[in-house]
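Participant: Sharing a model prediction with you, sequence too.
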Amino acid sequence: MGAKILKHTQREKIHKAAELLFKSKSAVVLTGAGISTESGIPDFRGDHGIWEKYKPEIYGNIKSFIRDPQKFWQMAEKVAPKLFTANPNPGHIALAELEDMDLLKAVITQNIDELHQKAGSVLVYEVHGNINRFNCFGCRASYTKKQVLQKLKKEKSYPPTCDICTAPLKPSVVLFGEGLPTFEIYQSQALAQKADVMLIAGSSLSVAPVCDLPAYTLSEGGKLIIVNDRPTHLDNKAEIVIHHKTGTILPLIVEEIKKLKAEKDSNV
Ligand code: APR
């Protein structure tokens with residue numbers, strides 16, 4: 001669905017979201033897998049989401065990884081190539097522009113695909129880790145993506161194992177039942193608490209503790225803007241809700257902000 005066929009109400013909401021962000025002093029954005037689907041990466045709970053095909057309790061849980069790491073790597077073999085080759089889409093680029101305009105203090109992302117950084121965002125907190133970094137599950141030795149891909153090619157078996165202690169390797173992503181990276185989650189909670197506006201883009205807001213971050217913003221009187229192609233449980237607490245594609249809406253919000261900025265500059 002392109003921008004041209006947006007309903008009048010959606011255009012009004014885009015303008016209102018632009019005004020909120022343009023006037024904000026400490027806005028942050030919280031993103032989920034939905035912002036990357038237009039880059040060809042499936043999300044988890046949307047249409048044809050990953051968890052529809054791979055049961056999270058078997059493929060995405062740390063206990064099941066310990067029991068049978070091969071299962072996780074079988075899923076990774078199918079999903080990872082899309083993550084490695086994906087490019088940022090207009091939604092990611094719009095957020096990088098907002099940071100450039102000093103209208104976003106940081107990106108808090110649940111995504112592991114590094115597309116925000118590839119789009120030019122600098123202050124990115126990856127609260128669920130990153131698929132491009134690997135560690136040995138035993139001795140914590142670290143491996144590059146290139147080394148792991150070479151191992152998979154040579155060993156022709158799953159999981160790839162550590163050269164030092166032969167334990168299985170694991171990408172530095174947070175599985176269910178694992179703790180989140182301490183600095184990233186504490187910093188995200190502090191940013192959410194200080195945020196006068198939190199933009200939430202492409203998340204079902206269904207996984208704790210990240211799904212609690214908007215409550216930190218609300219508790220301090222901050223406002224929520226939700227851009228998601230289907231309803232979330234926080235829609236009724238948000239100032240603005242736009243049920244549409246992030247790749248369409250976020251660039252239009254940035255366009256509106258540029259108009260507001262031009263008006264302000266011309267009145268100086
Ligand atoms: N534009 C807007 N919304 C979209 C788009 C899009 N182009 N594509 C998908 N969506 C919506 C989906 O409808 C869904 O509501 O984005 C949301 C994505 O939700 P999830 O798939 O649950 O992803 P996320 O919220 O990031 O999941 C959180 O759960 O399994 C764990 O670790 C995993 O980080 C993930 C966490």
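Facilitator: That came through fine.
Participant: What are the buried residues along stretch 248-265?
Facilitator: Thr248, Ile249, Leu250, Pro251, Leu252, Ile253, Val254, Glu256, Ile257 (16 or more other Cβ atoms under 10 Å). Placement of C-beta: from N, CA and C, glycine included.
Participant: In the protein, spot the helix with the most residues.
Facilitator: helix 246-267 (DSSP state H).
Participant: Which residues does that helix contact?
Facilitator: 1-3, 6, 10, 14-15, 17-19, 21-22, 34-35, 38, 89-91, 93-95, 97-98, 101, 103, 201-202, 227-229, 242 (Cβ atoms under 8 Å, 6 or more residues apart in numbering).
Participant: mind redoing it with 6 Å?
Facilitator: Here helix 246-267 makes contact (Cβ atoms under 6 Å, 6 or more residues apart in numbering) with 3, 14-15, 17-18, 22, 35, 38, 89-91, 94, 97, 201-202, 227, 242.
Participant: which SS class is the one residue in the chain that gets nearest to the ligand?
Facilitator: Closest residue of the chain to the ligand, Cβ to the nearest ligand atom: Gly34 (2.2 Å). Classification of Gly34 by DSSP: H, G, I helix; E, B strand; the rest coil places it in helix.
Participant: That one reaches Asp43, doesn't it?
Facilitator: Yes - counting by Cβ atoms under 6 Å, Gly34 does reach Asp43; the two are 5.4 Å apart.
Participant: Which of those two has more residues huddled nearby?
Facilitator: Neighbours per residue, other Cβ atoms under 10 Å: of Gly34 and Asp43, the larger number sits with Gly34, 27 against 21.
Participant: burial measure for the closest residue to the more buried one other than its chain neighbours, as a count.
Facilitator: Closest residue to Gly34 apart from its sequence neighbours, by Cβ to Cβ, 6 or more residues apart in numbering: Gly202 at 2.5 Å. For Gly202, the tally of surrounding residues (other Cβ under 10 Å) stands at 27.
Participant: who's in contact with Gly202?
Facilitator: Taking Cβ under 6 Å, 6+ apart, we find Gly202 in contact with Thr31, Gly32, Gly34, Ile35, Thr246.
Participant: Which pair of the residues you listed spans the longest distance?
Facilitator: Based on Cβ to Cβ, the longest span within these runs between Gly32 and Thr246 and measures 9.6 Å.
Participant: what's the next secondary structure element after the longest strand along the chain?
Facilitator: As assigned by DSSP state E, the longest strand anywhere in the chain is strand 129-136. Using DSSP states H and E, the helix or strand that follows strand 129-136 towards the C-terminus is strand 142-144.
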